[in-house]
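Q: Have a look at this fold, sequence not included:
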């Protein structure tokens, strides 16, 4: 059985963006149904773009799509979207807590830009970071100095 992480590697960034949007919008809904219009407004795209992507997501088994009722994530779609949210949350923490970026719009922009690209090399990135930190005993000291300078 394929893991969520290995499945996520095969999903194009454009589809990931829509899954993420559907998930975030659906969290505000009682039954989880999302409209085409809500997706269009959330992503600031044309209605035809939404329709085309919804077809792809339905074919991939990530959404249930009932005309005039709306869109809802399938079990598989929810797994992928939840994982995307975890990655986004980790990146947001990194940019705001470690790098001390206070501008929320910039944090959002950076995490969105990095989230889909870093995932494909996630294991390698983690290993390299671990090696880097292991070789640099002064990293914590540098971070503390950054903290003190504020």
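A: Yep, that arrived. Here the structure is a predicted model, which is why all the values come from computation and not from measurement. Residues are numbered from 1 along each chain as shown.
Q: Only C-alpha atoms from now on, for both contacts and neighbour counts.
A: Will do.
Q: Spell out the residue ranges of the helices in this protein.
A: All helices of the chain, identified by DSSP state H, fall at 4-9, 13-26, 36-43, 47-59, 75-93, 104-118, 122-135, 139-148.
Q: Mind listing the residues bridging to residue 73?
A: residue 63 (DSSP bridges).
Q: Who are the contact partners of it?
A: Residue 73 is in contact with 19, 22-23, 62-64, counting by Cα atoms under 8 Å, 6 or more residues apart in numbering.
Q: Nearest to residue 68, out of the helices of the chain?
A: Nearest of those to residue 68, taken as Cα to Cα: helix 36-43 at 9.4 Å.
Q: Show me what the closest one is packed against.
A: With contacts defined as 3 or more Cα pairs under 8 Å, 6 or more residues apart in numbering; DSSP states H and E, helix 36-43 has these neighbours: helix 13-26, helix 47-59.
Q: now the shortest one, how far from the centre of its chain.
A: Remark: helix 47-59 is offset 19 Å from the chain centroid, using Cα atoms, centre = their mean, to the nearest Å.
Q: Mean neighbour count, mean pLDDT and distance to residue 69 added to the helices of the chain, as TSV?
A: Shown next, in TSV, are these (neighbours: other Cα atoms under 10 Å; pLDDT from 0 to 100; distance: least, Cα to Cα, whole Å):
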stretch	mean neighbour count	mean pLDDT	distance to residue 69
helix 4-9	14	72	27
helix 13-26	19	93	13
helix 36-43	16	95	10
helix 47-59	14	95	14
helix 75-93	18	86	18
helix 104-118	15	80	29
helix 122-135	12	61	37
helix 139-148	11	54	51
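Q: Good, we can wrap up now.
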